[in-house]
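In: Sharing a model that was predicted from the sequence below.
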Amino acid sequence: MPFSYFHPAVASWFNSQFDQPTEVQVQAWPAIQGGSHTLIAAPTGSGKTLAAFLAVINELVRDGELFGLPDETRILYVSPLKALSNDINRNLEAPLVGITQELPSPSPLSIRSAVRTGDTPQAERAKVRRQPPHILVTTPESLFIFLTSESGRRTLFVRIESRPLRPRFFHCAAVK
């Protein structure tokens with residue numbers, strides 16, 4: 001069972017929401033969590049996005065439980081469309097809230113996500129700069145703005161030496 005890879009709170013949340021993982025998830029999780037570059041190609045509705053996100057959310061939970069999560073972006077998801085970015089961010093809410101509720105109380109762990117597109121209001125953009133989300137969902141155009149502005153680079157890039165663990169980078173792509 002692939003849940004041996006997961007923090008108990010992550011596995012418990014998944015089991016409370018789904019009867020079992022899809023074949024795509026069963027195949028993807030060991031590869032992603034093993035640090036392999038992973039391309040997930042499967043039909044719509046097969047669990048690709050959850051396969052990719054749950055593996056990296058699991059890492060955030062583990063790191064956060066051990067060391068706390070600093071205010072820095074650890075996961076960057078680039079979506080080709082603004083509407084898809086908003087959908088992805090909205091779909092992250094249930095697992096993030098549910099997993100937090102599965103953690104032993106009291107737990108200070110709170111994983112934040114945010115979306116940044118051309119339609120994001122100035123107040124939300126400022127909040128992302130002040131308190132970077134752990135998961136940032138954006139578009140190529142907005143990523144370009146992040147990379148070409150000083151404040152954007154400060155949001156996306158932190159000093160690696162400040163992290164308690166060797167940073168792990170997950171490269172996942174979910175395609176139709």
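Out: Yep, it's here.
In: where along this protein do the helices fall?
Out: 8-17, 23-33, 48-67, 82-102, 122-130, 140-148, 150-156 (DSSP state H).
In: Which one of those lies nearest to residue 42?
Out: Residue 42 sits nearest to helix 23-33 of all the helices of the chain, at 4.5 Å, using CB to CB. The way it works is simple: take the backbone N, C-alpha and C, and place the C-beta from them, glycine included.
In: Next, the buried residues of the closest one.
Out: 24-25, 27-29, 31-33 (16 or more other CB atoms under 10 Å).
In: just stretch 91-104 next, same as before
Out: So, applying 16+ other CB under 10 Å, buried residues of stretch 91-104: 92, 95-96, 98-100, 102-103.
In: can you tell me how far the residue lying closest to residue 14 once chain neighbours are set aside sits from residue 157?
Out: Leaving aside its sequence neighbours, residue 14 sits nearest to residue 54 (CB to CB, 6 or more residues apart in numbering; 6.8 Å). Per CB to CB, to the nearest Å, residue 54 is found 25 Å from residue 157.
In: Neighbour count: these two, which is higher?
Out: Using other CB atoms under 10 Å as the criterion, residue 54 and residue 157 rank with residue 54 on top: 25 against 12.
In: wait, doesn't the more buried one sit right on residue 10?
Out: Yes: Residue 54 lies in contact with residue 10 (CB atoms under 8 Å); the separation is 6.6 Å.
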